[in-house]
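Colleague: Show me how the following folds:
(chains A and B)
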There are 2 protein chains.
Amino acid sequence: MVSAVIVAAGRGTRMGVGVDKLFLEVAGRPIVAHTWEKFDRSATVDEIVLVVRDGMQSTFQELAEENGFYKTFHLVAGGSERQDSVWNGIEATNEGTEIIAIHDGARPCVTEKIIADCVAAAREVGAAVAASPVTDTIKETGSDGHIVGHIDRSILRAVQTPQTFKADVIRKALGLVQERGIQVTDDTAACELINQPVKFVESDTPNVKATSPADIPYLELLLRK
Amino acid sequence: MVSAVIVAAGRGTRMGVGVDKLFLEVAGRPIVAHTWEKFDRSATVDEIVLVVRDGMQSTFQELAEENGFYKTFHLVAGGSERQDSVWNGIEATNEGTEIIAIHDGARPCVTEKIIADCVAAAREVGAAVAASPVTDTIKETGSDGHIVGHIDRSILRAVQTPQTFKADVIRKALGLVQERGIQVTDDTAACELINQPVKFVESDTPNVKATSPADIPYLELLLRK
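Modeller: Numbers count the residues shown, from 1 in each chain, chains lettered A, B, ... in the order given. So this is what the prediction gives:
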């Protein structure tokens, strides 16, 4: 059994005050509806947990009805930090689930291939993450805004979601994060704490995240296709 | 006096065999015509040197006529490597030029603000480069395709063009590159050889480069605006 945890509890402050980026309309629907649909239609995923801001449950319930989503889903309230939201999501997955796919609600261009490849890699290695090669030339900046070093981009990957894990692996890794009260940059970073290897899975299409208003026209283009 | 050297001698193999990416039509015109126009209209730039593949001179001449470009331009043939093409371009600039702006012909979304800011920074520091913060989470990959490290993206910049230099600085730096017969990843890397600091200038808009077919719809969107 495979459970998807869609994190949809953020506020997206870079979009501007008072704007919930997940509900921005792109290609006729809120961004988060596109994301949800990918997992609703996925042949790989058996159940969906949506982590939402407390008070938004009825809005998400309506979204499911409007869009005719049919796969089993659970709505849980987010925590104060992203890692707390993920934790709440994992707690709500079915006890018998083998693989948990954590996905960002603001990343609506994910494909069935990316989901399936990430789930397969997690079954094999224990943990995996969707990623893309870095195509830009990358330099390191000093505090004075000057170049202080060149970085070989061939060893760099831009990591995205889904991030997929064997259920016991992510429970153990994030459990340790909770216990120690530390902060992690993303869920794969928690795997480091338990020496769990994480495999890169290359995304087959631009797996863009809605972050700033400049991303919206590009998302519109990708989602209209 | 400010001279722009537009490097338009590449073949763009990632676009597919036989395709010259610079002549792909985007928003009604070849990509390189958009790029050229930005410098033709720039109030900052006094002359333009286009480095083109040998044999393409008449095509570029026609492009200038079709588009009504009016600023003084020189066409020079490219060399075997990008750095040789840049060198040929610099050699063709006016002897009295103070600042040389090197720009990639496949980066058509450059703005007058980016050009002017980069030129001003080069006047101040001697060398500057257009760049953007890295918004993706970046990890380091090992040879086995697993995560081997996390990289703090706040110290990373994706560098673009224009790369701007005091004329004597870039002549000295690239002269040394030629003399030693070494290869550099980009023109700012040559500055390291002479301990010349390079300042980052933040691009105000997506300063996208046409690299693969996936970039074309996005460029179309940006250039139609």
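
Colleague: near chain B, which residues of chain A?
Modeller: Neighbours of chain B within chain A, by CB under 8 Å from any CB of the partner chain: A:125, A:129, A:131-132, A:134-141, A:145-147, A:150-151, A:155-160, A:185-186, A:188-189, A:191-192, A:197-200, A:206, A:211, A:214, A:217-218, A:221. For glycine as for every other residue, the C-beta is placed from the backbone atoms N, C-alpha and C.

Colleague: Just the buried ones from those residues?
Modeller: Those of those that meet the buried threshold are A:125, A:129, A:131-132, A:134, A:136-139, A:141, A:145-147, A:150-151, A:156-160, A:186, A:188-189, A:191, A:197-200, A:206, A:211, A:217-218, A:221, by 16 or more other CB atoms under 10 Å in any protein chain shown.

Colleague: How many neighbouring residues does residue A:81 have?
Modeller: Residue neighbour count, defined by other CB atoms under 10 Å in any protein chain shown, stands at 11 for residue A:81.

Colleague: Spell out the residue ranges of the helices in chain A.
Modeller: A:31-41, A:57-67, A:82-91, A:112-125, A:167-180, A:187-193, A:216-224 (DSSP state H).

Colleague: For residue A:67, which residues are in contact?
Modeller: A:29, A:33, A:36-37, A:40 (CB atoms under 8 Å, 6 or more residues apart in numbering or on different chains).

Colleague: the residue most distant from the middle of chain A, which is it?
Modeller: Using CA atoms, centre = their mean, the residue of chain A lying farthest from its centre is residue A:144. It sits 33.7 Å away.

Colleague: rewinding a little: pLDDT check: weakest of the contacts of residue A:67?
Modeller: Least confident by pLDDT among the contacts of residue A:67: that is residue A:29, with 95.

Colleague: and the nearest residue to it once chain neighbours are set aside, how far is that from residue A:30?
Modeller: Spatial nearest neighbour of residue A:29, excluding adjacent residues (CB to CB, 6 or more residues apart in numbering or on different chains): residue A:67 at 7.3 Å. Relative to residue A:30, residue A:67 is positioned 9 Å away (CB to CB, to the nearest Å).

Colleague: tell me what the strand ranked longest in chain A is packed against?
Modeller: Of all the elements of type strand in chain A, the one with the most residues (DSSP state E) is strand A:156-166. Packing partners of strand A:156-166 (3 or more CB pairs under 8 Å, 6 or more residues apart in numbering or on different chains; DSSP states H and E): strand A:99-104, helix A:112-125, strand A:127-133, helix A:187-193, strand B:137-141.

Colleague: Let me know which of the ones you listed is the nearest to residue B:73.
Modeller: The minimum distance between residue B:73 and these falls on strand A:127-133, with 35.4 Å, by CB to CB.

Colleague: For stretch A:22-37, list the C-alpha coordinates in PDB.
Modeller: In PDB, the C-alpha atoms belonging to stretch A:22-37 read as follows (Å, rounded to 0.1, in the frame of the first residue of the first chain):
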ATOM      1  CA  LEU A  22      -2.400  27.100  -3.200                       C
ATOM      2  CA  PHE A  23      -5.700  28.700  -4.200                       C
ATOM      3  CA  LEU A  24      -4.500  30.800  -7.000                       C
ATOM      4  CA  GLU A  25      -6.400  29.900 -10.100                       C
ATOM      5  CA  VAL A  26      -4.200  28.400 -12.800                       C
ATOM      6  CA  ALA A  27      -5.600  26.800 -16.000                       C
ATOM      7  CA  GLY A  28      -9.100  27.100 -14.500                       C
ATOM      8  CA  ARG A  29      -8.500  25.600 -11.100                       C
ATOM      9  CA  PRO A  30      -6.700  26.300  -7.800                       C
ATOM     10  CA  ILE A  31      -3.100  25.100  -7.900                       C
ATOM     11  CA  VAL A  32      -3.700  22.600  -5.100                       C
ATOM     12  CA  ALA A  33      -6.600  21.000  -7.100                       C
ATOM     13  CA  HIS A  34      -4.200  20.200 -10.000                       C
ATOM     14  CA  THR A  35      -1.700  18.700  -7.500                       C
ATOM     15  CA  TRP A  36      -4.400  16.700  -5.700                       C
ATOM     16  CA  GLU A  37      -5.800  15.400  -9.100                       C
END
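
Colleague: starting at the chain centroid, how far to that stretch?
Modeller: 15 Å (CA atoms, centre = their mean, to the nearest Å).

Colleague: buried sites along it?
Modeller: Buried, per 16+ other CB under 10 Å, within stretch A:22-37: A:22-24, A:26, A:29-36.

Colleague: Of these, just say which sits nearest to residue B:74.
Modeller: residue A:26 (45.3 Å).

Colleague: For beta bridges, what are the partners of that closest one?
Modeller: Judged by DSSP bridges, the bridge partners of residue A:26 are residue A:29.

Colleague: can you pull the contacts of it?
Modeller: A:34, A:108, A:210, A:216, A:219-220, A:223.

Colleague: can I assume residue A:109 is in contact with residue A:222?
Modeller: Yes: at 5.1 Å, residue A:109 and residue A:222 qualify as touching, with contact defined as CB atoms under 8 Å.

Colleague: overlap in contacts of those two?
Modeller: A:205-206, A:208.

Colleague: pLDDT and distance to residue A:80 for those residues - can I get that in a markdown table?
Modeller: Putting those into a markdown table (pLDDT from 0 to 100; distance: CB to CB, whole Å) gives the following:
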| residue | pLDDT | distance to residue A:80 |
| --- | --- | --- |
| A:205 | 86 | 33 |
| A:206 | 88 | 31 |
| A:208 | 91 | 27 |
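
Colleague: can you redo those as a markdown table with distance to residue A:45?
Modeller: A markdown table is the format used below for the shared contacts of residue A:109 and residue A:222 (distance: CB to CB, whole Å):
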| residue | distance to residue A:45 |
| --- | --- |
| A:205 | 18 |
| A:206 | 21 |
| A:208 | 21 |
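
Colleague: Looking at these, which is nearest residue A:10?
Modeller: When the shared contacts of residue A:109 and residue A:222 are compared against residue A:10 (criterion: CB to CB), the nearest one is residue A:208, at 15.8 Å.

Colleague: Let me see the backbone angles for the residue nearest to that closest one when sequence neighbours are not counted.
Modeller: Leaving out its chain neighbours, the residue that sits closest to residue A:208 by CB to CB, 6+ apart is residue A:109, at 5.5 Å. Reported as degrees, to the nearest 10, the phi and psi values for residue A:109 are phi -90, psi 10.
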